[in-house]
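Colleague: sequence and predicted model, in that order:
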Amino acid sequence: MEENFSAPNKSFLPRILQNAKHVLSLLPMIVTVYLQLFLYTVPLLTVIVLAREWAPTPYYWEQKWGTTLAWIDQNRRLALGFVPSFIAAIMYWLVGAIFLVFDFTGWMSKYKTQPGTNEPLQAPRLTKVVKCVLINQFVVGMSLTLLMHEITRLTSTKEQLDLNKFKELPSISTMLIHLAVFATVREVLNYYTHRLMHHRLFYKNVHKQHHMWSAPIALISIYCHPVEHIIVNAFPAITGPILMKSHPLVLWSWFLLVQPWSMIIHSGYHFPLFPCPEFHDFHHMTSTSNFGNLTIMDAIHGTDKQWKKSESYKRSFTLFGVKPAREIIKRLQ
């Protein structure tokens, strides 16, 4: 029996070409985003370069890493199952404590993206956030990383589990490539999983908790339902390192960087040289646009159109001086 195939849709090819042209038109913006990401990694990379240059002996750090690797080999569950979560948690509370000082004292209020909000910050609301964050970090997060470690151990060959391939320290170029891939994978997955959370099936019972803060603060970065924490926060962040089979030091560097980034874009403060929070801040104000982290996926799908018509969009740039973005825009108008 012959199969009947419908005639090809004549509009399909023009639509593909139109989408390709749209993506190409976004290249300058995409390049700018990755330059901003590079700027964000500069402090960490500088510390690494200086540490290598000022080492007491030529192979000082290689020897130290060899000792650490031997410890990891003997304590895999602890080193690979718990250490990444501990790094993320430590960075979370260090960065969060700094921003809490600003929130309670009002020292940096001129840099606020939504002036007058959370002034003063209400202690009962904050207590609820702290409890939720601790559960997500030390119950949900650590259980997830431990589970992934066990799955990897049970499904990998002896050769795949051999840590000798990580004896050499990763180069700066390798770190940059891997970190760029991690950020890209996270942007794509976070966009679609976050947008899924705005579907009526998930928003009321899962995602609405995070949106109780229309003017966010740094600590609410992972103030969310456990299901959301796994799907929207953890899954996009850990997929890149898994796909790249990255060096443990690159993995730990990623957690050192990604946690503060998420907190900064939730902080409600647009500081000089820091990642600009305007994009995600607008998402909390409206809940109808800006679902990604880096603006790329929203630009591709057109879910940033409302934001691009707003005052927030005009203030969305990296500050290289001490004047707040609002003052700069006011002078230009």
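Modeller: Noted; the coordinates are in hand.

Colleague: going forward, measure contacts between C-alpha atoms and count neighbours the same way
Modeller: Fine.

Colleague: just to be sure, P58 is in a helix?
Modeller: No: per DSSP: H, G, I helix; E, B strand; the rest coil, P58 lies outside any helix segment and is coil.

Colleague: burial check on it, number of neighbours?
Modeller: Residues within reach of P58, counting by other Cα atoms under 10 Å, total 11.

Colleague: now do it against R195, distance only.
Modeller: Going from P58 to R195 by Cα to Cα, to the nearest Å gives 50 Å.

Colleague: likewise for F182?
Modeller: Separation of F182 from R195 (Cα to Cα): 20 Å.

Colleague: which of the two has more neighbours?
Modeller: The residue with more neighbours, out of F182 and R195, is F182; 23 against 17, by other Cα under 10 Å.

Colleague: ok, then the element right after the helix or strand that that one is a member of?
Modeller: Taking DSSP states H and E as the definition, one finds F182 inside helix 172-197. Toward the C-terminal end, the helix or strand that comes next after helix 172-197 (DSSP H and E) is helix 200-203.

Colleague: ok, residues contacting that following helix?
Modeller: With Cα atoms under 8 Å, 6 or more residues apart in numbering as the test, helix 200-203 has contacts from 196-197.

Colleague: ok, 10 Å please
Modeller: Helix 200-203 has contacts (Cα atoms under 10 Å, 6 or more residues apart in numbering) with 195-197, 206-211, 227-228.

Colleague: would you mark the buried spots in that helix?
Modeller: Judged by neighbour count using 16 or more other Cα atoms under 10 Å, the buried positions of helix 200-203 are Y203.

Colleague: give the rounded mean pLDDT of the very next helix or strand once past that helix.
Modeller: With elements assigned by DSSP H and E, the helix or strand that comes after helix 200-203 is helix 226-228. Average pLDDT, helix 226-228: 96.

Colleague: how about residues contacting helix 226-228?
Modeller: For helix 226-228, the surrounding residues in contact (Cα under 10 Å, 6+ apart) are 132-133, 135-137, 139-141, 193-194, 197, 202, 206-207, 209-210, 222, 232-235.

Colleague: give me the buried positions along it.
Modeller: If you call a residue buried by 16+ other Cα under 10 Å, then helix 226-228 has these buried ones: 226, 228.

Colleague: ok now that helix, how far from the chain's centre?
Modeller: Relative to its chain's centre, helix 226-228 lies at 16 Å (Cα atoms, centre = their mean, to the nearest Å).

Colleague: ditto for stretch 220-240
Modeller: Relative to its parent chain, stretch 220-240 has a centroid offset of 10 Å by Cα atoms, centre = their mean.

Colleague: how about it as CSV, C-alpha atoms only?
Modeller: What follows is stretch 220-240, C-alpha atoms only, in CSV (Å, rounded to 0.1, in the frame of the first residue of the first chain):
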residue,chain,number,x,y,z
ILE,A,220,15.3,34.9,47.6
SER,A,221,17.5,33.6,44.7
ILE,A,222,16.5,30.0,45.8
TYR,A,223,13.4,30.9,47.8
CYS,A,224,11.1,28.6,46.0
HIS,A,225,9.2,25.3,46.0
PRO,A,226,11.5,22.2,46.2
VAL,A,227,10.2,21.0,42.8
GLU,A,228,11.2,24.4,41.3
HIS,A,229,14.6,24.3,42.9
ILE,A,230,15.3,21.0,41.3
ILE,A,231,13.9,21.7,37.8
VAL,A,232,14.7,25.4,37.4
ASN,A,233,17.7,26.0,39.6
ALA,A,234,19.7,22.8,39.9
PHE,A,235,19.1,21.0,36.6
PRO,A,236,20.2,23.9,34.3
ALA,A,237,23.3,24.6,36.5
ILE,A,238,24.6,21.0,36.7
THR,A,239,23.8,19.8,33.1
GLY,A,240,26.7,21.7,31.5
